[in-house]
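[1] next comes the sequence, and after it the predicted model I'd like to discuss.
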Amino acid sequence: MDQDYLLTTETARRLYHEYAQGEPIVDYHSHLSARDIAEDRHYRDLYEAMVEPNPFKARLMRAAGVEEKYITGRHTDAFTRFQKFAEVIPQAAGNPIYAWTHMELSRFFGIAEPLTPDTAPDVWEKANRRLAGEDFGICGLLGQIGVKLICTTEDAAADLKYYRRISEAGLPFRTVPALRLDKVLRIEDPQWENYMKYELGEAAGVEEAHTMQDVRAMLRQRVSDFDALGCRTADHVLDYVFFAPAEEFELDDIVGRIINGRGEPSRKEAEQYKTAVLMTLAKEYAKRDWVMQLRFAAIRGANVAMTGKFGDDAGFDCIGDYDCAVALSGFLNALSERISLPRMIVYSANPADQPVIASVLGAFQDTATDRVRGIPGKLQLGTACWFNMSRRALDHQMEAVANFSVLGTAVGMLADAHTPFSLVRHDYYRRILCRYLGKLVEYGEYPGDDGALGSLVRNICWRNAEQYFGFRI
C-alpha cells in the first residue's frame, strides 16, 4: 500500500499524482459534530479517534468473534480494545476496512507498517503522541486532510448555534449544516408524536400542529433556518421507495390522529404521509436550488435486541431487497409534472439497484422544469451508501454512471465520516477513479489525452460538487 496503491496502469498513476492527489475535499455528507468543530475537540486516544465511532469497524470485530465488551464496553481500557481490533485486521483481507485503516495511519500519523497484534503497541504509542499535539484537534485534522468545505448532518429540530460560532472562528474551511429528516418521516415510530410536538414544533416556533398544513409550515420554517446558515442539501433515509399520493382531508386525518396519540398508522397511511412530506420538501428545495438526497434499501436495526441495547448506527443494519423502479419513477414524474423537480442524488444500499436507478434517473434529465436551464448531471446516482464503499462497489457504481449517464458530471465521493480520519475515503475513491480511467485508456476505449483526462479527474474530485450544490467557498 505505497504511493501507487490501486494505481495499476501508468495512466492511472499519472492521473492520480498529477491531477487528483492534493486536490481539496468538498464533502457533502458527514456525521461530524458541529460542536466538536466549534470547540476543536481533541481525541483522548487512537481507539476513540479511529475505531469506536465507526459502525463498520464494530461489525468487523463482531464477525471475527470479538466479545462485545471489547467493542462497546465501557469497563475495558482503550488499549485492550485497540489490541483486539489489531488482531482482526490481518484477517480482513479484501475488506475495505483493511485499506482504510492503513490509509488513516499513513495519512495522519506517518505510520507505514501494517497493523498487527505485534505492531499494535508501537502504533498506539506513536499515534497517541501525535494526537496529544496542539494541531491534532479536529480543526487541525480537517486542515491536514485538505477539507475546503464539509456538510454535517443535523436533525430538523437541531439547535444550530454552533454554526454561527464556527463562521466567526476564521477557520480555513467552511462547515455548513445538511438537513436530515429521519424523525419527521418516521410517523410509525412511537416517539413521532412527542418529537413533532415538543422538538420540531418548538424549533419551528409552532405551538400546536393538527393538520398536514401545520406540518408543512414547520418544515418550511426549518428549511429557511438552515438556508440562512448556508445549507444547500437535505438527506432523506427511507426503508424502501414508495409513492402514495393522497387527498388533503386524508392527510389531515392521518396527522391529526397520530399526533394526538389516537392509534397507529397503517402501512398505506404511513406511505401517504411520507409521500406528502417528500413532495412538499422537494418543491421547497427546487425553489431554493438545494440538492435532495434520497437513501433507501437498508433494513435499519435488523437485530432488534442489540439495537435496543446500543441504539441506532451501532452496526446492526443490513441491505434491503425491494423493488424501486416503479415507485421512484412515479415520484419523479409527479415532481416533474408540478415543475418542482430539484437537483437530486439517489442512493441504494443494495448494489443490485444501481443500474435500475441510473436508468430511471436518465428518463428525467430534462431541462423543461429547470429555472436555470441545463444543469449538468441534475439527477445523480450516488456513490457511497452504507455497504457500497468497497473498491468493487465503487467500480460498479462508476460503471453504472458511465453506462447510463455522463461520468464527467459526477459529484464524486462523500465519506459518511464520523471523525476526520474517515475522510481518507476521498483518497480511496480518487485512486479508484484514476484506476478506472486508466483501464479505459489501456483498453483503447478513451484517448490518452492528459488535458481531457486531467480536467475530468479534477472536476469529479471536487469542482463538480462545488458547482452542483452551489456552495459559496
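    Arrived safely, thanks for sending.
[2] ranges for the strands of the stretch 151-300 of the chain?
    Remark: strands assigned in the stretch 151-300 of the chain by DSSP state E, counting those that start in this stretch are 174-180, 233-237, 291-296, 298-299.
[3] quick one: distance of the third one to the chain centre.
    With C-alpha atoms, centre = their mean, to the nearest Å as the basis, strand 291-296 stands 10 Å off its chain's centre.
[4] circling back to that earlier point, the strands of the stretch 151-300 of the chain: which one's closest to residue 69?
    Each of the strands of the stretch 151-300 of the chain has some distance to residue 69 by C-beta to C-beta; the shortest is strand 298-299, at 26.2 Å. (Glycine included, C-beta is placed from N, CA and C.)
[5] which residues are contacting stretch 13-24?
    With contacts defined as C-beta atoms under 8 Å, 6 or more residues apart in numbering, stretch 13-24 is touched by 3-4, 7, 146-148, 427, 430-431, 433-434, 437-438, 450, 453-454, 457-458, 461-462.
[6] in ChimeraX, how would I select the buried members of these?
    Entered in ChimeraX, the line below selects the buried ones among these, by 16 or more other C-beta atoms under 10 Å:
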select :7,146,147,148,427,430,431,433,434,437,438,453,457,458,461,462
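[7] among the contacts of stretch 13-24, which lie within helices?
    427, 430, 431, 433, 434, 437, 438, 450, 453, 454, 457, 458 (DSSP state H).
[8] and the helices in the stretch 201-350 of the chain?
    When assigned using DSSP state H, counting those that start in this stretch, the helices of the stretch 201-350 of the chain occupy the ranges 201-204, 212-227, 248-259, 267-288, 304-310, 325-337.
[9] compare the mean pLDDT across those and name the weakest.
    Per-stretch mean pLDDT for the helices of the stretch 201-350 of the chain is lowest at helix 304-310 (a mean of 87).
[10] give me the residues contacting that helix.
    Contact with helix 304-310 is made by 72, 301, 314, 316, as judged by C-beta under 8 Å, 6+ apart.
[11] could the residues you listed go into a markdown table alongside distance to residue 22, neighbour count and pLDDT?
    What follows is those, written out as a markdown table (distance: C-beta to C-beta, whole Å; neighbours: other C-beta atoms under 10 Å; pLDDT from 0 to 100):
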| residue | distance to residue 22 | neighbour count | pLDDT |
| --- | --- | --- | --- |
| 72 | 37 | 18 | 86 |
| 301 | 40 | 18 | 87 |
| 314 | 35 | 17 | 83 |
| 316 | 38 | 23 | 89 |
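[12] got a markdown table for these, with distance to residue 49 too?
    Below are the contacts of helix 304-310 laid out as a markdown table (distance: C-beta to C-beta, whole Å):
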| residue | distance to residue 49 |
| --- | --- |
| 72 | 16 |
| 301 | 26 |
| 314 | 18 |
| 316 | 23 |
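[13] max pairwise distance over those: which two?
    72 and 301 (15.1 Å).
[14] quick one, what contacts the closest residue to residue 89 other than its chain neighbours?
    Once flanking residues are discounted, residue 89 sits nearest to residue 115: 4.9 Å by C-beta to C-beta, 6 or more residues apart in numbering. Neighbour list for residue 115: 86, 89, 90, 101, 102, 105, 123 [criterion: C-beta under 8 Å, 6+ apart].
[15] again, only using 6 Å
    Counting by C-beta atoms under 6 Å, 6 or more residues apart in numbering, residue 115 touches 86, 89, 123.
[16] what does residue 470 give?
    For residue 470, the contact set (C-beta under 6 Å, 6+ apart) comprises 232, 289.
[17] what's the neighbour count on the residue nearest to residue 314 when sequence neighbours are not counted?
    Nearest residue to residue 314, sequence neighbours excluded (C-beta to C-beta, 6+ apart): residue 55, at 5.9 Å. Look at residue 55: counted by other C-beta atoms under 10 Å, it has 17 neighbours.
[18] kindly report the same for residue 35.
    Taking other C-beta under 10 Å as the neighbour definition, residue 35 ends up with a count of 14.
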